[in-house]
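K.L.:
3D model of this:
(4 chains)
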There are 2 protein chains.
Amino acid sequence: MTETRGYHHGDLRRTLLAAALDAIEEVGPAALSLRDLARRAGVSHAAPAHHFGDKAGLLTALAAQGFDLLAQALSAAGDDLLAAGVAYVDFAVGHRAHFEVMFRPELYRADDAELVAARERAGAALRSGVAALPAGGDADRDALAAWSIAHGFATLWLANALPARVGNNPSKAARQVLSRLTP
Amino acid sequence: MTETRGYHHGDLRRTLLAAALDAIEEVGPAALSLRDLARRAGVSHAAPAHHFGDKAGLLTALAAQGFDLLAQALSAAGDDLLAAGVAYVDFAVGHRAHFEVMFRPELYRADDAELVAARERAGAALRSGVAALPAGGDADRDALAAWSIAHGFATLWLANALPARVGNNPSKAARQVLSRLTP
DNA sequence: AGCGCAATCTTGTCATTGGCAAGATTGCGC
DNA sequence: GCGCAATCTTGCCAATGACAAGATTGCGCT
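P.N.:
Next up, the predicted model:
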């Protein structure tokens, strides 16, 4: 894969995205350095700019990829609200770098066409996850409540803000917390 | 207040913290520039370092201040769960800069003594807000669910991730969503 | 009153970074 | 096999964070 070591890298764009995920998990999306990515990929310091324009361009590509992965994860979880919520949290923990970029729109171009499309796919998957709710309630309110509780738990987990007693198994803890919504 | 314009500023520490809040609301906590703060305060580029050591030191002070303000806001909201939740969201929206720093521990020194104390005060206020819950449920789970839903809604609101139909009144929207927890 | 000293602030410097411009190399279409 | 555009490199500049060394000031102590 990375054996092509001529003047042309051959697969630099994907290599840079993968390196960015590693770097973001180490230092966070804000402290990401394009030059560091170039060093990790073994190319010159200006090579990334050709593929992504600037740092915001790279993060835009990463965010779009993230929304796409989230849409897939939510679709795979099916129509069960609890399963969708757990899938949401699992995605956040398992794709921490993607998740952290996705919900920091000041870091990327939120109006990018490809990104908007991916985000809408994820939104549709989210809505279909809460479609099968017990009738009688306000659907909008219930959907927003479900999204909020899953997103809040995931965010607090990633920020290391939760007390130790919650344990170290995000799926299990998330299932307990989310079950509060579906009595 | 800022009329003392001798060699010594007189109130530089507070001035820098206030300038930092403005700057963070404009460009986010990661893009904060110490040199920009120094320019806003009318001092030399190295002056901030004397009061805070480095950028992480300034953000640590800001986070501690934020947890303190949050503790006050939650205490003022009383023991009602819904009121506490709305107060949490109101704090996030009304003190956006503080809130964004507080839950990004990679930006500051999370083991700072003053900060740990303030965070524990906020945690205590949070727990007392959910203490008066209908008996029968798991208290830990209910507290975590309440925190998650309030935090998630606030985070999604700040990230501009919510659909337009939610409106532009965070308190009102938050009250509706939070009421899902207390039927 | 005045002296010393520490706190406060300034100037100067260096490595790192993002971004731009110009040039080198390569692979692909014709 | 030729031209050309895509890809990558080298070189450069301004901005930044951090550090060192020096200037200025106010406060405590005698």
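
K.L.:
Output the below-cut-off pLDDT ranges for chain A.
P.N.:
Across chain A, the ranges flagged by pLDDT under 70 are A:1-8, A:131-137, A:183.

K.L.:
Can you name the residues of chain A sitting close to DNA strand D?
P.N.:
For chain A, the residues found near DNA strand D under the criterion C-beta under 7 Å from any atom of the strand are A:7-10, A:12-13, A:38, A:43-47, A:50-51. Any C-beta I mention is one placed from the backbone N, CA and C, and that applies to glycine too.

K.L.:
Would you map the helices across chain A?
P.N.:
When assigned using DSSP state H, the helices of chain A occupy the ranges A:12-27, A:34-41, A:47-52, A:55-77, A:81-94, A:96-102, A:113-129, A:139-158, A:170-178.

K.L.:
so which of those comes closest to B:Ser128?
P.N.:
helix A:139-158 (18.6 Å; C-beta to C-beta).

K.L.:
Look up the closest residue to the spatially most central residue of chain A, ignoring the ones flanking it.
P.N.:
Of all residues in chain A, the one closest to the mean position by C-alpha atoms, centre = their mean is A:Phe99, 2.6 Å from it. Nearest residue to A:Phe99, sequence neighbours excluded (C-beta to C-beta, 6 or more residues apart in numbering or on different chains): A:Ala92, at 4.4 Å.

K.L.:
Run through the residues that contact the closest residue to A:Leu58 other than its chain neighbours.
P.N.:
Using C-beta to C-beta, 6+ apart and skipping the chain neighbours, the partner closest in space to A:Leu58 is A:Phe52 (4.0 Å). Neighbour list for A:Phe52: A:Arg13, A:Leu16, A:Leu58, A:Thr60, A:Ala61 [criterion: C-beta atoms under 8 Å, 6 or more residues apart in numbering or on different chains].

K.L.:
was I right about the residue nearest to the centre of chain A contacting A:His151?
P.N.:
No: assessed by C-beta atoms under 8 Å, A:Phe99 is found out of contact with A:His151, at 9.6 Å.

K.L.:
any residues in contact with both of these two?
P.N.:
Counting by C-beta under 8 Å, 6+ apart, A:Phe99 and A:His151 have no shared contacts at all.

K.L.:
Show me what from chain A comes close to DNA strand C.
P.N.:
Within chain A, the positions near DNA strand C by C-beta under 7 Å from any atom of the strand are A:6-8, A:32-36, A:45-46, A:49, A:53-56.

K.L.:
Can you tell me which of these is closest to B:Leu74?
P.N.:
A:Leu32 (34.2 Å).

K.L.:
Report the buried members of the residues of chain A next to DNA strand D.
P.N.:
Buried by 16 or more other C-beta atoms under 10 Å in any protein chain shown: A:His9, A:Leu12, A:Arg13, A:Ala38, A:Val43, A:Ala47, A:His51, out of these.

K.L.:
what's the spacing between the first one and A:Val43?
P.N.:
So the one you mean is A:His9. Distance check for A:His9 against A:Val43: by C-beta to C-beta, to the nearest Å, it reads 6 Å.

K.L.:
returning to what we had before: turn the helices of chain A into TSV, columns for distance to B:Ala23.
P.N.:
Output for the helices of chain A, formatted as TSV (distance: least, C-beta to C-beta, whole Å):
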stretch	distance to B:Ala23
helix A:12-27	21
helix A:34-41	23
helix A:47-52	26
helix A:55-77	19
helix A:81-94	29
helix A:96-102	21
helix A:113-129	27
helix A:139-158	23
helix A:170-178	34
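
K.L.:
what about A:Arg39, how many residues close to it?
P.N.:
For A:Arg39, the neighbour count with other C-beta atoms under 10 Å in any protein chain shown is 13.

K.L.:
mind listing what it touches?
P.N.:
Counting by C-beta under 8 Å, 6+ apart, A:Arg39 touches A:His45.

K.L.:
Equivalent analysis for A:Glu26, please.
P.N.:
Contacts of A:Glu26 by C-beta under 8 Å, 6+ apart: none found.

K.L.:
can you check the one 3 residues further on too?
P.N.:
A:Pro29 is in contact with A:Leu59, A:Ala97, A:Glu100, A:Val101, A:Arg104, A:Leu107, B:Ala30, counting by C-beta under 8 Å, 6+ apart.

K.L.:
ditto for A:Phe103
P.N.:
Contacts of A:Phe103 by C-beta under 8 Å, 6+ apart are A:His151, A:Thr155, B:Thr155, B:Leu156, B:Ala159, B:Ala161.

K.L.:
Compare those and tell me which is most surrounded.
P.N.:
Tallying neighbours with other C-beta under 10 Å puts A:His151 at the head of these, with 26 neighbours.

K.L.:
surely it meets B:Thr155?
P.N.:
Yes: the pair A:His151 / B:Thr155 is scored as a contact, 6.4 Å apart, by C-beta under 8 Å.

K.L.:
Which pair of the residues of chain A next to DNA strand D spans the longest distance?
P.N.:
A:Gly10 and A:His45 (18.9 Å).

K.L.:
Of the residues of chain A next to DNA strand C, just say which sits nearest to DNA strand D.
P.N.:
Of all the residues of chain A next to DNA strand C, DNA strand D sits closest to A:Ala46, with 3.1 Å by C-beta to the nearest atom of the strand.

K.L.:
count of residues packed around A:Asp22?
P.N.:
A:Asp22: 12 surrounding residues under other C-beta under 10 Å.

K.L.:
Oops, could you answer that again for A:Ala76 instead?
P.N.:
Neighbours of A:Ala76 (other C-beta under 10 Å): 11.

K.L.:
again with A:Gly42
P.N.:
Residues near A:Gly42, counting by other C-beta under 10 Å, number 12.
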